[in-house]
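[1] what follows is a predicted protein model with its sequence.
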Amino acid sequence: MQSSFSLSLSSASPITGRSDGGATSTAPDLFFSSTTTPSQLRFCGLRREAFSGCKSSNNALLLKQLRPMKKISASSSRNGTPSKGFDYDLVIIGAGVGGHGAALHAVEKGLKTAIIEGDVVGGTCVNRGCVPSKALLAVSGRMRELQNEHHMKSFGLQVAAAGYDRQQVADHAQNLATKIRNNLTNSMKSLGVDILTGFGTVVGPQKVKYGKVGESETLITAKDIIIATGSVPFVPKGVEVDGKTVITSDHALKLETVPEWIVIVGSGYIGLEFSDVYTALGSEVTFVEALDQLMPGFDPEIGKLAQRVLINPRKIDYHTGVFASKITPARDGKPVTIELIDAKTKELKDTLEVDAALIATGRAPFTQGLGLENVNVETQRGFIPVDERMRVIDSKGKLVPHLYCIGDANGKMMLAHAASAQGISVVEQVSGKDHVLNHLSIPAACFTHPEISMVGLTEPQAREKAEKEGFEISIAKTSFKANTKALAENEGEGIAKLIYRPDNGEILGVHIFGMHAADLIHEASNAMALGTRIQDIKYAVHAHPTLSEVIDELFKSAKVKSDVPSAVAEPVAV
Ligand SMILES: Cc1cc2nc3c(=O)[nH]c(=O)nc-3n(C[C@H](O)[C@H](O)[C@H](O)COP(=O)(O)OP(=O)(O)OC[C@H]3O[C@@H](n4cnc5c(N)ncnc54)[C@H](O)[C@@H]3O)c2cc1C
Ligand SMILES: NC(=O)c1ccc[n+]([C@@H]2O[C@H](COP(=O)([O-])OP(=O)(O)OC[C@H]3O[C@@H](n4cnc5c(N)ncnc54)[C@H](O)[C@@H]3O)[C@@H](O)[C@H]2O)c1
């Protein structure tokens, strides 16, 4: 079953390496007690055993629940009782982080829920994305530190030459993926979500079939259906991926080799994070970027600083304004060849000969074979069109009743936490509460050393909006150089930047480059999500000495015309 599904994905896009583990593998560690709540389990799944409440409990009942299942019939499921006339209240196609987030929230809301997965639970993020890549980045961070003699000496430390064992580094990434995948699987099983194995297809309104395509498929009905089928690496025309010398992130995460010289095509999130890993492990990197500057998605000022710190001092060079138009893998003793054409004139500019090439040119939605024609839906460049409530829109522009699409497959924001948040938002709606997710308040982070994080608009986007809508914007900045904790760590390189409206204190965007930027962004993103204004948040107290004071200073240094707090809490007598 699993291998046939892998093949069907492979024919859509050349991905390989889906043989790791399985959704039904026995969990090595049992983290879940029968009293653990769905939200605790979400943390257990996505953030390791962050909650102590997730640990222990190995009573017989739980062991029984966690035993590998073939297929649980709807009637044997423990969650909810379905609405009259349906097998389930909610069926989710795709058990990535989006589907998982939706399933856990659905159980919390009392919905009888099933999730269909054709490959392994956890999808891209857990098996081929966030999780293994962050494990590799944890290694690269330490290598970088150990190799930085100047940095070590400034603490008075002496360290012998740092080295690494490639296979053990690779194992660290794969072991973490396995652990998190088991956590995710167990979290759903222990709450009674039916995990149905096979390829899911929409066969009509409120009807789905799943199983081995064209062989043994089962039809089920659901009051509401969520499509959460995610994405696969996008490989441009003319690029031949062999999985060894011309690779995508799916292959790179296995770290089967550390090439001496690797070209990374695309300087977005994947390109940048892998440049951090490869250079720390000793590779030389050449970026090939189609747009005129590296890291085109970031705020330009942050991008410039990132280039000064993450690119220029490292063994990295780059070609911008060029497409990698033809890439041929190494064979018969010849190296990988890469033809570069000018992005504007399309003329051949250069041919590179290197040891390997990583294709990091974005991701393509995985929506083939879903049966969308049965509900009159046409994809747009493969993405499923949805409105702001993730309701699927048909080819006539009408909403398809009871059908939703979340995560990478709708292309709104290709991030794990966005997929999960969209899933939660849909569950809120189908359980009777209107909910619209504010995508502008969703943070993003790039886990380089140091990290980059952002929420809301970049400065050019904010200026464009301000001009259109007729308001002014202001910029405030703070430096990590003025922060005690950062200086104690000898990590003073970094800035935080706030883009805001001086007339009313609205936060339009926050961008951070520096140590632990990925953690620091949440004060800003939560403020934006809750509509908190600068004149309110500037009075919040931060522990000293912490990096969070960089953000505290940022809000304090903003000049808001109306300095009156918009909401002042009643003083509490102590
Ligand atoms: C290298 C890399 C690093 C990343 N790092 C981060 C990061 O640090 N932070 C972050 O927020 N995001 C990161 N991302 C992005 C993140 O992985 C995705 O945004 C996220 O996985 C999307 O979740 P999803 O649930 O929409 O889809 P997926 O995770 O892709 O899951 C979809 C699931 O659906 C299954 N499926 C597909 N079609 C069918 C079908 N018809 N029937 C049954 N099952 C089906 C698939 O097998 C898969 O399990 C990274 C991505 C990559 C590639
Ligand atoms: N830390 C994170 O949150 C994280 C990490 C990795 C991936 N992701 C997600 O995964 C998705 C995919 O990441 P990605 O880095 O592949 O995509 P991306 O869209 O971030 O960057 C792709 C880059 O490739 C360039 N490009 C495209 N075609 C090209 C060609 N033929 N030649 C040269 N350059 C070309 C684009 O201009 C762009 O800069 C992103 O949407 C991101 O959100 C997130």
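    Great, that's in hand. Ligands and ions are numbered 1, 2, ... in the order given.

[2] what does the stretch 401-550 of the chain put close to ligand 1?
    Within the stretch 401-550 of the chain, the positions lying close to ligand 1 (CB under 6 Å from any ligand atom) are 407-409, 414-417, 419. Placement of C-beta: from N, CA and C, glycine included.

[3] let's have these in JSON lines, adding neighbour count and secondary structure.
    Formatted as JSON lines, those follow (neighbours: other CB atoms under 10 Å; DSSP: H, G, I helix; E, B strand; the rest coil):
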{"residue": "407", "neighbour count": "35", "secondary structure": "helix"}
{"residue": "408", "neighbour count": "32", "secondary structure": "helix"}
{"residue": "409", "neighbour count": "27", "secondary structure": "helix"}
{"residue": "414", "neighbour count": "20", "secondary structure": "coil"}
{"residue": "415", "neighbour count": "20", "secondary structure": "coil"}
{"residue": "416", "neighbour count": "22", "secondary structure": "helix"}
{"residue": "417", "neighbour count": "18", "secondary structure": "helix"}
{"residue": "419", "neighbour count": "30", "secondary structure": "helix"}
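
[4] just flag the most distant two among those residues.
    By the measure CB to CB, 409 and 417 form the most distant pair in those, at 15.9 Å.

[5] ok, back up a step: ok, the residues of the stretch 401-550 of the chain next to ligand 1 vs residue 386, which is closest?
    Proximity of these to residue 386 (CB to CB) peaks at residue 409, which lies at 9.2 Å.

[6] low-confidence ranges in the stretch 1-150 of the chain?
    1-79 (pLDDT under 70).

[7] close to ligand 1: what parts of it are there?
    93-99, 116-119, 123-125, 128-130, 133.

[8] what is the burial count for residue 345?
    Residues near residue 345, counting by other CB atoms under 10 Å, number 9.

[9] in contact with it, which residues?
    With CB atoms under 8 Å, 6 or more residues apart in numbering as the criterion, no residue contacts residue 345.

[10] what are the phi and psi angles of it?
    Note on residue 345: backbone dihedrals following degrees, to the nearest 10 are phi -80, psi -20.

[11] which residues does the residue of the stretch 351-500 of the chain at minimum distance from ligand 1 contact?
    Using CB to the nearest ligand atom, the single residue of the stretch 351-500 of the chain nearest to ligand 1 is residue 407, 2.1 Å away. Neighbour list for residue 407: 94, 96-99, 228-230, 418-419, 422-423 [criterion: CB under 8 Å, 6+ apart].

[12] so which of the residues you listed comes closest to residue 210?
    Residue 210 lies nearest to residue 94 out of the contacts of residue 407, by CB to CB, at 11.1 Å.

[13] the stretch 201-350 of the chain: strands as residue ranges?
    Listed in chain order, the strands of the stretch 201-350 of the chain (DSSP state E, counting those that start in this stretch) span 207-212, 216-227, 231-233, 246-247, 261-265, 284-289, 316-320, 322-328, 336-342, 348-354.

[14] okay, domains of the protein per the record?
    The record assigns the chain these domain ranges, following the TED database: 88-233+364-431, 246-361, 440-557.

[15] distance to residue 81 added to those domains, as a markdown table?
    Shown next, in a markdown table, are these (distance: least, CB to CB, whole Å):
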| stretch | distance to residue 81 |
| --- | --- |
| domain 88-233+364-431 | 6 |
| domain 246-361 | 40 |
| domain 440-557 | 34 |
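
[16] okay if I get those as JSON lines plus distance to ligand 2?
    Formatted as JSON lines, the domains of the chain follow (distance: least, CB to the nearest ligand atom, whole Å):
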{"stretch": "domain 88-233+364-431", "distance to ligand 2": "3"}
{"stretch": "domain 246-361", "distance to ligand 2": "2"}
{"stretch": "domain 440-557", "distance to ligand 2": "5"}
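
[17] and the gap between the closest residue to residue 534 other than its chain neighbours and residue 85?
    Counting by CB to CB, 6 or more residues apart in numbering, residue 534 lies nearest to residue 505, which is 4.1 Å off, once chain neighbours are set aside. For residue 505, the distance to residue 85 equals 51 Å [CB to CB, to the nearest Å].
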